[in-house]
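1. Need a 3D model of the following:
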Amino acid sequence: LTGNQAGGSWTDSNDNSVTSTIDISAFEPNTYSYTYTVSNSCLPEDNETVQFTILPNPIFNSNNIIVSSPNCSGENVVVSFSNMVDGEYVLNFDLTLTNVLLNQSANVTIVDGIGTLEINSSVVPLVGTTRITFLSISNASTSCTTILNPNISADFIIQPSSNLESVNLSVSNVCFGNSV
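-> Numbers count the residues shown, from 1 in each chain. Modelled structure (predicted):
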């Protein structure tokens, strides 16, 4: 609460007197109103109400994700999200273990509580177990960010694709009625 002229006082929406420095660390997400009132002998009392909104931080936990596994080499990996608040989010993550790709970000849209993120097969080319570790989630429209501590992670497996090569096959002709 700044920018007020001298000689006035601040009150909250319950008409309680407050200082111009407010500790909002315990406030819940909501809209809050404060009124600044100035009165002196020359002017009639005048007041102005200001509002500010505390926006909620995005919520994300390990129960919100399922990662497709096993995945065949050359196929995209799908991370599915559920039971989340609708909105546009930016997820920051690392891939580690077999396939390593650090400090990645992806935009995810959640509609009706669900959304997906596809990890392109080109960034997970190696066969084996890879871990996706989510580091933070940001609401794209409000810029509110939650640092995930502890980080949320899930493992997925990349398997070799079936790749039958005809050079390994052979067949011999057999006369009718003979066993092979």
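2. contacts and neighbour counts: CA atoms only from here.
-> Noted.
3. quick one, phi psi at residue 64?
-> phi -90, psi -10 (degrees, to the nearest 10).
4. Which parts of this structure are strands?
-> Here the chain has its strands, by DSSP state E, at 8-12, 17-18, 30-38, 46-54, 65-67, 71-72, 77-81, 87-97, 101-110, 115-119, 128-139, 145-159.
5. Pull the distance from the fourth one to the chain's centre.
-> Read that as strand 46-54. Centroid separation for strand 46-54 versus its chain: 32 Å, with CA atoms, centre = their mean, to the nearest Å.
6. and if you look at the third one?
-> Its chain's average C-alpha position is 33 Å from that of strand 30-38, according to CA atoms, centre = their mean.
7. Check the gap between the closest residue to residue 74 other than its chain neighbours and residue 177 for me.
-> Spatially, and ignoring its direct neighbours in sequence, residue 74 is nearest to residue 121 (5.2 Å; CA to CA, 6 or more residues apart in numbering). Look at residue 121 and residue 177: by CA to CA, to the nearest Å, they are 49 Å apart.
8. before we move on, what about residue 22?
-> Relative to residue 177, and taking CA to CA, residue 22 is found at 96 Å.
9. re earlier: neighbour-wise, which of residue 121 and residue 177 wins?
-> Between residue 121 and residue 177, counted using other CA atoms under 10 Å, residue 121 has the larger neighbour count: 16 against 6.
10. Quickly list what the residue positioned nearest the centre of the chain is bridged to.
-> The residue lying closest to the centre of the chain (CA atoms, centre = their mean) is residue 137, at 3.1 Å. Here residue 137 sits in beta bridges with residue 91, residue 146, going by DSSP bridges.
11. which neighbours does the helix or strand bottoming out on mean pLDDT in the chain have in its sheet, and in what orientation?
-> The weakest-scoring helix or strand in the chain, judged by mean pLDDT, DSSP states H and E, is strand 8-12 (a mean of 85). Using DSSP bridges, strand 8-12 pairs in its sheet with strand 17-18 (antiparallel), strand 30-38 (antiparallel).
12. Lovely, talk soon.
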